[in-house]
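Build the 3D model from these lines:
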Amino acid sequence: MDILPQNVEEIRDIVYGNVKGRPLRLNIARPKLPPKKPMPIIVYIHGGAWMMGDYKGPENYPFAAKGYFTVNIEYRLSDEAIFPAQIHDCKAAIRWLRAHAEEYGIDPDRIGVWGHSAGGHLAALLGTSHDITEMEGDEGSEGFSSSVQAVVDLCGATDLFQLDLDATEKLVGGPLNERTELVKMANPVTYVTPDDPPFLIIHGDKDPHVPLIHSELLYNALRKANVEATFIIVKNGDHGFHPSPKEAKAEPNLDEIHNIISNFFDKHLKAFDKGKRKNL
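Below is the predicted model of the structure:
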């Protein structure tokens, strides 16, 4: 769905943070006629190997059409700043949402996040590093939590030691074997604890860029910690869940994957008992 639905409106280029005079922006897509109760929030983090892409895509339009308050966030790319700048920016955006909850009629206790590839990595990191001080940064909205209540990780890297690419070295500012502490800091699997939010992990078994082992590692770590986690392997799927060159189709297909994601967010952001939820 690339065209803005008739029942959805956008607010573009809102500044949510500032780093030494460099504004950080986000785009909002929300129902034109918001519900009477505060809306749950879905945040999308774009991919692009941490060095490409932007926050201006239509990824959240279908969720906004269903009654969610949705946000696409900008974060500093690796040619501008090395890690942990990227997760600092993402956390600043979450804090900004909580700081402006009353203004926008949103529920600060119902924030879901999703992303693909580099965005999946950062979404997973948001989910597992919610109580790690050095991951927070100091970009605005001080005093508000950066925790999230549901995470969808699509083909994200979870152990950068097992992703020996130029993009990975660029993210951490040099060879991985010379940046071991920073690489460990960037790995979502480093921080898994029993109080992490529910995860949905989806990965193609023919992914040529981020091997399937990354999602397997994260899923196994979450389950070992008794965190609610669902892992879906897209048979014959490449990095974008399209059929790999030698296959006729990928299963589940893109429409089915989107329905799975939508159902996950509906379960964990629309229909839950606050008294029983973690990370609120």
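
Stretch 49-62: how far from the chain's middle?
Taking the mean of its C-alpha atoms, stretch 49-62 sits 11 Å from the chain's own mean (Cα atoms, centre = their mean, to the nearest Å).

tell me the average confidence for that stretch?
Averaged over stretch 49-62, pLDDT sits at 97.

change the start of the numbering to 18 and stick with it
That works, and once the first residue is 18, the last one we named lands at stretch 66-79.

and the end-to-end length of that stretch?
Stretch 66-79 has an end-to-end distance of 25 Å (criterion: Cα to Cα, to the nearest Å).

residues of stretch 23-40 that come out buried?
Neighbour counts using 16 or more other Cβ atoms under 10 Å place 25, 27, 33, 34, 36 of stretch 23-40 among the buried residues. Placement of C-beta: from N, CA and C, glycine included.

Please name the bridge partners of the first one.
The reference is to residue 25. For residue 25, the beta-bridge assignment (DSSP bridges) gives partners residue 48.

Please apply the same query to the fourth one.
Taking DSSP bridges as the rule, residue 34 bridges to residue 41.

who's in contact with it?
Residues in contact with residue 34, defined by Cβ atoms under 8 Å, 6 or more residues apart in numbering, are 40, 41, 106, 109, 110, 113, 156, 157, 158.

Let me see the ranges of the helices in the chain.
Taking DSSP state H as the test, the helices found in the chain are 78-82, 102-116, 118-121, 135-145, 183-189, 197-203, 230-241, 271-282.

could you redo those as JSON lines and give each row mean neighbour count and distance to residue 212?
Formatted as JSON lines, the helices of the chain follow (neighbours: other Cβ atoms under 10 Å; distance: least, Cβ to Cβ, whole Å):
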{"stretch": "helix 78-82", "mean neighbour count": "22", "distance to residue 212": "26"}
{"stretch": "helix 102-116", "mean neighbour count": "24", "distance to residue 212": "16"}
{"stretch": "helix 118-121", "mean neighbour count": "13", "distance to residue 212": "22"}
{"stretch": "helix 135-145", "mean neighbour count": "29", "distance to residue 212": "10"}
{"stretch": "helix 183-189", "mean neighbour count": "19", "distance to residue 212": "27"}
{"stretch": "helix 197-203", "mean neighbour count": "17", "distance to residue 212": "20"}
{"stretch": "helix 230-241", "mean neighbour count": "20", "distance to residue 212": "12"}
{"stretch": "helix 271-282", "mean neighbour count": "16", "distance to residue 212": "19"}
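
Since that was my last question, I'll sign off now.
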